[in-house]
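*Asks:* sequence and predicted structure below; questions after.
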Amino acid sequence: MATCCIATNTSNFGKWQDELKCSILSYLETVNLDNEGKWRRVVVNDVMKLFANALNVYDVSFDVGDDESLAEDKKSTHSIIDSQVDCDDVIDDVNVSSIVDEIKNGKLKTRELEAKFGHSSAVTIRRRYIEDVTSKSLENLPFVNYDYSIVNGACCENVIGFMPIPTGIAGPLLINNEVMYIPLSTTEGALIASTSRGCRAVTESGGIKSFVIKDGMTRAPVVKFPTITEAFKLKTWIEEEKNFIELKKVFESTSRFAILNKITCDMEGVYIYIRFEASTGDAMGMNMVSKAVHTAMEYVQKFFPNMIIQSLSGNQCVDKKASAINWINGRGKSVVSEAIIKADIVKSVLKTNVDSMVELAKSKLLIGTSTTMTIGGWNAHAANIVAALFLATGQDAAQIVSSSMCLTQMEKTASGDLYISCTMKCIEVGTVGGGTILSPQKNCLRLLNCEGSNIQEPSSNAKKLATVICSTVLAGELSLMAAQCSDDLVRSHLKLNRSSIALSSVPSLNVPINLKNNTNKEDRNNKNLLSEGSSMSSAVVHLNRTVKKFDLKCSNIL
């Protein structure tokens, strides 16, 4: 994308910003309101005209292009903007309304908006369309100040905004001799406080040891033959070593990170379920493996022309479902973590004793779970931690159901301390691809020192994330089990999981504060509206916030 720079005469630098600020403040005092709220968009349109006028008066010029393509004299001019921006067309209220009418009349599809009007404008138009056809407001679903250019075609379609989730920090947690602070995105009060208590108990006792014992993403197509004789021939053919070697070459030709570990066949009458298992570097790997399996099956079909490939996924993968095969054989990263919690810390930090913890682990986690025949459910609340870390780090949220399968064990050591371990056979995570490309999620991965791909040691970042998840689960298990031993569970939830705020008084996320009662901080923000070092996108965001504040002021008056 091109770099957009604003340059102006040095003597005029700063004057046009002051002029623009005064013009905007004067203009806001003259706005005529209407009951339908159309004045809001008129304000945005008119202020953008004031912005353009200020640039014209003070001869502010724009240079668009790569940094290297700018002339030396342009590079040396003072620049208040030097950042990549999404150059959507600025659309006014009239245009939006006419575009929405085209959608309603079937002349335009909502999925075509990004290509025609740009990413940000597409979101604005789509929101208006949805509000019109549903007669429901989207004012509390935020949409400004977000990079939609990387979302469309990768993470989400028909975008109308983004969903903010509270994100907090648990820790510090000592994992494999490294102090970690764990980002958790959750709406469950007491979860992070409880997990932090577990982190403290673990860290003060010497930390956690955690290891990835197996790494392999799976995909299992289902094929069908006319007879079991032909089906059996395929099973036998795949299990021959020379054929596996050839399939491995074909499979691995599709990606430099895909490494085929093994293939197993399950014959059910005329159906064969062929389970491919491969390591996938730092990617979670579903797309990578699916592409490789598709190519491998095309190769197999050359030798078995009567084979019908019914689906690339025959549900023996097993993806996004708790299953015995994933618990037994593993999928993604299989991880084991352990810690020894000193008896005095169990008493002082966890407010219980070792014997009570061990007894409850047996009666609740082992016997209680087994009586319900729950697959991978021998734990207290592993899914809570997995969900919070998945959301924070951009993982596939649907895979929480399988990734949270966990066996938590507790024993009393010979010295009277508490031994605890967590075994998780199916942690399906990656540090590249999917939601990890989004800036907030990428930031959380950076906090955990496992952002992106490790070229020198492929898969090491994804493995590290898996060990962080299993270790944090252990800390969470420790604290919750202690709370149930000491009867603290209900009290903590009543204290930290019940809001006392009157929700009717909470302003919209898109209307943060009242303009009428500006604080000193807000005054400083106004002075920095278009200050040196600000970007055009920041200025537009600030402008939008100003209009929203004015909106709230007028709503209070009305």
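*Replies:* Yep, that arrived. Numbering: from 1, shown residues only.
*Asks:* do I have it right that Val270 meets Thr227?
*Replies:* Yes. Using Cβ atoms under 8 Å, Val270 is in contact with Thr227, at 6.6 Å. Using the backbone N, CA and C atoms, a C-beta is placed for each residue, glycine as well.
*Asks:* how about the residue nearest in space to the middle of the chain, what does it touch?
*Replies:* Note on the chain: the residue nearest the mean C-alpha position is Gly394, at 2.5 Å, using Cα atoms, centre = their mean. By Cβ atoms under 8 Å, 6 or more residues apart in numbering, the contact set of Gly394 is 434-438, 441-442, 444-445.
*Asks:* repeat that for 6 Å
*Replies:* Gly394 sits next to 435-436, 438, 441 when contact means Cβ atoms under 6 Å, 6 or more residues apart in numbering.
*Asks:* return the member of the residues you listed nearest to Lys116.
*Replies:* Minimum distance to Lys116 across these is 24.1 Å, recorded for Leu438 (Cβ to Cβ).
*Asks:* which residue packs closest to that closest one, ignoring adjacent ones?
*Replies:* Gly394 (5.7 Å; Cβ to Cβ, 6 or more residues apart in numbering).
*Asks:* then Leu350?
*Replies:* Ala482 (3.7 Å).
*Asks:* all strands for the stretch 151-300 of the chain, in order.
*Replies:* Remark: strands assigned in the stretch 151-300 of the chain by DSSP state E, counting those that start in this stretch are 167-175, 178-185, 209-219, 222-224, 259-268, 271-279.
*Asks:* dump these into JSON lines; add distance to Asn449, mean pLDDT and mean neighbour count as well.
*Replies:* Formatted as JSON lines, the strands of the stretch 151-300 of the chain follow (distance: least, Cβ to Cβ, whole Å; pLDDT from 0 to 100; neighbours: other Cβ atoms under 10 Å):
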{"stretch": "strand 167-175", "distance to Asn449": "11", "mean pLDDT": "99", "mean neighbour count": "21"}
{"stretch": "strand 178-185", "distance to Asn449": "8", "mean pLDDT": "99", "mean neighbour count": "20"}
{"stretch": "strand 209-219", "distance to Asn449": "14", "mean pLDDT": "98", "mean neighbour count": "20"}
{"stretch": "strand 222-224", "distance to Asn449": "40", "mean pLDDT": "99", "mean neighbour count": "19"}
{"stretch": "strand 259-268", "distance to Asn449": "24", "mean pLDDT": "98", "mean neighbour count": "16"}
{"stretch": "strand 271-279", "distance to Asn449": "21", "mean pLDDT": "99", "mean neighbour count": "22"}
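*Asks:* of these, which approaches Lys463 most closely?
*Replies:* Here strand 209-219 is closest among the strands of the stretch 151-300 of the chain (Cβ to Cβ), at 4.5 Å.
*Asks:* contacts for that closest one?
*Replies:* 175, 261, 275-277, 279-280, 285, 289-290, 293, 317, 330-338, 463, 466-467, 470-471.
*Asks:* hang on, the earlier thing: distance of the residue nearest to Leu438 from Gly216?
*Replies:* Separation of Gly394 from Gly216 (Cβ to Cβ, to the nearest Å) stands at 22 Å.
*Asks:* contacts only, for Lys412.
*Replies:* 354, 358.
*Asks:* distance check, it against Gly207.
*Replies:* Taken as Cβ to Cβ, the span from Lys412 to Gly207 is 20 Å.
*Asks:* so how far is stretch 357-374 off the chain centroid?
*Replies:* Averaging C-alpha positions (Cα atoms, centre = their mean, to the nearest Å) puts stretch 357-374 33 Å from its chain's average.
*Asks:* tell me which residues of stretch 345-354 are tucked away?
*Replies:* Buried residues in stretch 345-354, counted by 16 or more other Cβ atoms under 10 Å: 345-346, 349-350, 352-354.
*Asks:* between the two ends of it, how far is it?
*Replies:* One end of stretch 345-354 to the other measures 10 Å (Cα to Cα, to the nearest Å).
*Asks:* please enumerate the strands of this protein.
*Replies:* Here the chain has its strands, by DSSP state E, at 3-7, 61-65, 79-83, 167-175, 178-185, 209-219, 222-224, 259-268, 271-279, 308-311, 332-341, 407-412, 418-427.
*Asks:* closest to Asp132 out of the ones you listed?
*Replies:* The nearest among these, by Cβ to Cβ, is strand 178-185 at 32.0 Å.
*Asks:* so, low pLDDT: which residues of this protein?
*Replies:* Low-confidence segments of the chain (pLDDT under 70): 1-19, 26-42, 44-46, 49-50, 52-91, 488-558.
*Asks:* so it: which segments form each domain?
*Replies:* 3-84+511-557, 93-164, 170-213+333-496, 221-311 (automatic domain parsing).
*Asks:* columns distance to Lys321 on top of the ones you listed, output as a markdown table?
*Replies:* Formatted as a markdown table, these follow (distance: least, Cβ to Cβ, whole Å):
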| stretch | distance to Lys321 |
| --- | --- |
| domain 3-84+511-557 | 41 |
| domain 93-164 | 23 |
| domain 170-213+333-496 | 6 |
| domain 221-311 | 14 |
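*Asks:* would you mind finding the most buried of the ones you listed?
*Replies:* Among the domains of the chain, ranked by average contacts under mean count of other Cβ atoms under 10 Å, first place goes to domain 170-213+333-496 (a mean of 21).
*Asks:* what separation do you get for the closest residue to Val318 other than its chain neighbours and His294?
*Replies:* For Val318, ignoring the flanking residues on the chain, the nearest one in space by Cβ to Cβ, 6+ apart is Asn326 at 5.4 Å. Distance from Asn326 to His294, counting by Cβ to Cβ: 22 Å.
*Asks:* cool, Pro221 as well?
*Replies:* Between Pro221 and His294 the computed distance is 8 Å (Cβ to Cβ).
*Asks:* likewise for Asn454?
*Replies:* With Cβ to Cβ as the criterion, Asn454 and His294 are 27 Å apart.
*Asks:* and Thr218, by the same measure?
*Replies:* Distance from Thr218 to His294, by Cβ to Cβ: 14 Å.
*Asks:* Thr408 now?
*Replies:* Using Cβ to Cβ, which is the criterion applied here, Thr408 is 38 Å from His294.
*Asks:* do you have the helices of the stretch 301-450 of the chain handy? List them.
*Replies:* Assigned by DSSP state H, counting those that start in this stretch, the stretch 301-450 of the chain shows helices spanning 324-329, 343-348, 354-360, 369-372, 382-393, 400-403, 439-447.
*Asks:* nearest to Phe117, of those helices?
*Replies:* Among those, the nearest to Phe117 by Cβ to Cβ is helix 439-447 (22.9 Å).
*Asks:* kindly calculate the angle that the closest one makes with strand 178-185.
*Replies:* Orientation of helix 439-447 against strand 178-185 (axes from the mean of the first three to the mean of the last three Cα atoms, to 10 degrees) gives an angle of 160 degrees.
*Asks:* list phi and psi for Ile455.
*Replies:* phi -70, psi -40 (degrees, to the nearest 10).
*Asks:* residue contacts, it?
*Replies:* So Ile455 contacts nothing (Cβ under 6 Å, 6+ apart).
*Asks:* which helices and strands does the longest helix along the chain pack with?
*Replies:* The helix that spans the most residues within the chain, counting by DSSP state H, is helix 460-486. When contacts are defined as 3 or more Cβ pairs under 6 Å, 6 or more residues apart in numbering; DSSP states H and E, helix 460-486 packs onto helix 191-204, strand 209-219, strand 332-341, helix 354-360, helix 382-393, strand 418-427.
*Asks:* how about these, which one is nearest Lys116?
*Replies:* Of these, the one closest to Lys116 (Cβ to Cβ) turns out to be helix 382-393, at 32.2 Å.
*Asks:* okay, that closest one in PDB with CA atoms only?
*Replies:* Provided in PDB are the C-alpha atoms of helix 382-393 (Å, rounded to 0.1, in the frame of the first residue of the first chain):
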ATOM      1  CA  ALA A 382     -10.200 -26.300  31.700                       C
ATOM      2  CA  ALA A 383     -12.500 -24.900  29.100                       C
ATOM      3  CA  ASN A 384     -12.700 -21.500  30.900                       C
ATOM      4  CA  ILE A 385      -9.000 -21.000  30.500                       C
ATOM      5  CA  VAL A 386      -8.800 -22.400  27.000                       C
ATOM      6  CA  ALA A 387     -11.600 -20.200  25.800                       C
ATOM      7  CA  ALA A 388     -10.100 -17.000  27.300                       C
ATOM      8  CA  LEU A 389      -6.700 -17.700  25.800                       C
ATOM      9  CA  PHE A 390      -8.100 -18.700  22.400                       C
ATOM     10  CA  LEU A 391     -10.100 -15.500  22.200                       C
ATOM     11  CA  ALA A 392      -7.100 -13.400  23.300                       C
ATOM     12  CA  THR A 393      -4.700 -14.900  20.800                       C
END
